[in-house]
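S.K.: How does the following fold in three dimensions:
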Amino acid sequence: MKAIDLATGVQTATINANGTATLATATGQTNSSINASGALKLSTGVNADLSITGTGNALNVLGLAGNTGTSTAFTAARTSGIGGISGKTLTFSSFNGGTAVDVTFGDGTNGTVKTLDQLNTKLQANNLSATIDANGLLTVSTTNDYASSTIGSSAAGGAIGGTLTSALTFSTASSPVQDTVAQTSRANLVSQYNNILNQIDTTSQDSSFNGVNLLNGDQLKLVFDETGKSNLSITGVTYNSKGLGLAALTSGVDFIDNSATNKVLSNLNAASSTLRSEASSLGSNLSVVQVRQDFNKSLINVLQTGSSNLTLADTNTEAANSQALSTRQSIAVSALSLANQSQQSVLQLLR
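M.R.: A predicted model of the protein is given here:
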């Protein structure tokens, strides 16, 4: 019976300095025994379901051969006896900004947890998950979003407490195990990201025209009339990587897990929104400049037309005047010629 209890985890053995062993009963368990009336009581244990096999009439003698009395195997499922975890509560503090949760074990009703799926449903909001191995060992770990965090650390939180902790033994939280291949890829992404930031810096420095760079904090004043009273002042912005709130990343720290990557993505989204806002502002100023440009062009055309009307002759009118003058001259010549002929005729008559 002691061998059965040791195999099922009902009892544990501690080797003393003199070579003897001291047996201890696990919390909440009852040792296998034979009572005064000869009834055999076997504990099903905590590590695995109790399974006993035998040959001949061994199981029949012990009353473990079933109704037929001929079975060669006996199996009993594990049960939660007095002192088990039913009604006990585990408290998980907030882990990486997750929701702190109290897990009460029971029959699965009234918010209690009975199955592994129900436990994971509770832990999901706190960025945690749980698994159970073949020996019934419960392991609480982080999700992929926070794979670089340690449960219970001062930075991440997630410490475990509650009414059940006094009855259980917890191992020290292990450090995250990094995937070498994945981290190499993430390190390459960090290098690419930093190169893009350098390109943003150089592009903002080179975005100048006629000595004015609106992406480097310069100001531009546009005058729309000859008096200078109508004008538009455009204040530039400093939109290099620092001005956009984008900082260089460190390999092995940034992009190390999904949470760190999401922080960078949030900064990129904020920078994108900032650029869209400034593009809208510059677009509005461009519309004002284009309207004034069209207005000035129209005004110039009107003034040029008026000036032309004052200084330039109408070719049609002048052509008609020239033709009329030519006609008058022709008539005058003809009239003078006729007059001369008349005077000669009078002179001939006097002769």
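S.K.: where exactly do the strands run in the stretch 1-150 of the chain?
M.R.: Assigned by DSSP state E, counting those that start in this stretch, the strands in the stretch 1-150 of the chain fall at 11-15, 21-25, 33-34, 40-41, 50-53, 73-76, 89-92, 101-104, 128-132, 138-142.
S.K.: what lines up beside the second one in the sheet?
M.R.: To tie it back to what came earlier, the one meant is strand 21-25. strand 11-15 (antiparallel) (DSSP bridges).
S.K.: ok, residues contacting the partner strand?
M.R.: Contact with strand 11-15 is made by 2, 5-6, 21-26, 29, 31, as judged by CB atoms under 8 Å, 6 or more residues apart in numbering. C-beta coordinates here come from the backbone N, C-alpha and C atoms, glycine included.
S.K.: and the strands of the stretch 1-150 of the chain, which is most packed in?
M.R.: Sort these by mean neighbour count, taking mean count of other CB atoms under 10 Å, and strand 89-92 sits at the top with a mean of 20.
S.K.: quick one on the thing from earlier: and the strands of the stretch 1-150 of the chain as a markdown table, adding mean pLDDT?
M.R.: Formatted as a markdown table, the strands of the stretch 1-150 of the chain follow (pLDDT from 0 to 100):
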| stretch | mean pLDDT |
| --- | --- |
| strand 11-15 | 88 |
| strand 21-25 | 89 |
| strand 33-34 | 86 |
| strand 40-41 | 80 |
| strand 50-53 | 81 |
| strand 73-76 | 79 |
| strand 89-92 | 90 |
| strand 101-104 | 92 |
| strand 128-132 | 91 |
| strand 138-142 | 88 |
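S.K.: Distance to Val113 for those - can I get that in TSV?
M.R.: Formatted as TSV, these follow (distance: least, CB to CB, whole Å):
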stretch	distance to Val113
strand 11-15	27
strand 21-25	26
strand 33-34	32
strand 40-41	30
strand 50-53	25
strand 73-76	24
strand 89-92	9
strand 101-104	5
strand 128-132	10
strand 138-142	11
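S.K.: just so I know, which of those strands lies nearest Leu275?
M.R.: Of all these, it is strand 138-142 that lies closest to Leu275, at 34.7 Å by CB to CB.
S.K.: And the contacts of that closest one?
M.R.: Contact with strand 138-142 is made by 92, 95-96, 123, 127-133, 149, 151, 156, 158, 160, 176, as judged by CB under 8 Å, 6+ apart.
S.K.: rewinding a little: would you tell me which of the strands of the stretch 1-150 of the chain gets closest to Leu116?
M.R.: Of all those, it is strand 128-132 that lies closest to Leu116, at 5.7 Å by CB to CB.
S.K.: Which neighbours in the sheet does that closest one have, and how are they oriented?
M.R.: Using DSSP bridges, the strands paired with strand 128-132 are strand 138-142 (antiparallel).
S.K.: now the strands for the stretch 201-350 of the chain?
M.R.: Under DSSP E, counting those that start in this stretch, the stretch 201-350 of the chain gives strands at 219-223, 231-235.
S.K.: could you dump these to CSV with mean pLDDT?
M.R.: Below are the strands of the stretch 201-350 of the chain laid out as CSV (pLDDT from 0 to 100):
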stretch, mean pLDDT
strand 219-223, 85
strand 231-235, 84
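S.K.: Now render those as JSON lines, adding distance to Thr143 and mean neighbour count.
M.R.: Shown next, in JSON lines, are the strands of the stretch 201-350 of the chain (distance: least, CB to CB, whole Å; neighbours: other CB atoms under 10 Å):
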{"stretch": "strand 219-223", "distance to Thr143": "50", "mean neighbour count": "12"}
{"stretch": "strand 231-235", "distance to Thr143": "46", "mean neighbour count": "12"}
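S.K.: Tally up the residues packed near Arg186, please.
M.R.: 20 (other CB atoms under 10 Å).
S.K.: From the contact counts, what lies against the helix or strand harbouring it?
M.R.: In this structure, Arg186 is located in helix 180-206 according to DSSP states H and E. When contacts are defined as 3 or more CB pairs under 8 Å, 6 or more residues apart in numbering; DSSP states H and E, helix 180-206 packs onto no helix or strand at all.
S.K.: need the contact list for the closest residue to Asn213 other than its chain neighbours.
M.R.: Leaving aside its sequence neighbours, Asn213 sits nearest to Ser207 (CB to CB, 6 or more residues apart in numbering; 5.7 Å). Residues near Ser207 by CB under 8 Å, 6+ apart: 213-216.
S.K.: cool, Lys122 as well?
M.R.: Here Lys122 is in contact with 101, 103, 113 (CB under 8 Å, 6+ apart).
S.K.: And the pLDDT for it?
M.R.: With respect to pLDDT, Lys122 scores 93.
S.K.: Please tell me how far it sits from Gly108.
M.R.: Computed as CB to CB, to the nearest Å, the Lys122 to Gly108 distance reads 12 Å.
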